[in-house]
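A.B. asks: Show me how the following folds:
(one chain, ligands or ions: 1)
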Amino acid sequence: MPSFCVNRSAQSNGDHEVHDNSIERSCLPMLSNRQDLGYHASCSSAVQAARGYYTQVNGCAHCAPACHTG
Ligand SMILES: [Zn+2]
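C.D. replies: Residues are numbered from 1 along each chain as shown. Coordinates of the predicted model:
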């Protein structure tokens, strides 16, 4: 089961992006900007967890495309 993080730093549109740590893509935020979300079976539950921290949350288009909107 992959672990996820949410970027503490919002995108220019205000979204806080949720990333899959196991993917190891260059899209991952800097370590200091990663709010750990723990392990999730899917990005959708990781997004739910991220909503506990931020109201505007979106899946990363690169490593969590199933949860990316807009
Ligand atoms: Zn990503």
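
A.B. asks: can we go C-alpha only for contacts and neighbour counts from here?
C.D. replies: Will do.

A.B. asks: give me the beta-bridge partners of the nearest residue to H68 once chain neighbours are set aside?
C.D. replies: Leaving aside its sequence neighbours, H68 sits nearest to G59 (CA to CA, 6 or more residues apart in numbering; 4.2 Å). Counting by DSSP bridges, G59 forms beta bridges with V18.

A.B. asks: G59 and the ion, how far apart?
C.D. replies: Distance, G59 to the ion, by CA to the ion, to the nearest Å: 8 Å.

A.B. asks: Over to Q56?
C.D. replies: 16 Å.

A.B. asks: Tally up the residues packed near that residue, please.
C.D. replies: Neighbours of Q56 under the rule other CA atoms under 10 Å: 14.

A.B. asks: what pLDDT does the residue nearest the centre of the chain get?
C.D. replies: The C-alpha lying nearest the average C-alpha coordinate of the chain belongs to V18 (CA atoms, centre = their mean; 0.8 Å). pLDDT recorded at V18 is 98.

A.B. asks: Give me every residue in this structure that's in contact range of the ion.
C.D. replies: H19, C27, C60, C63 (CA under 5 Å from the ion).

A.B. asks: Just the buried ones from those residues, in PyMOL syntax?
C.D. replies: Buried members of the residues of the chain next to the ion, defined by 16 or more other CA atoms under 10 Å, are picked up in PyMOL with:
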select buried, resi 19+60+63
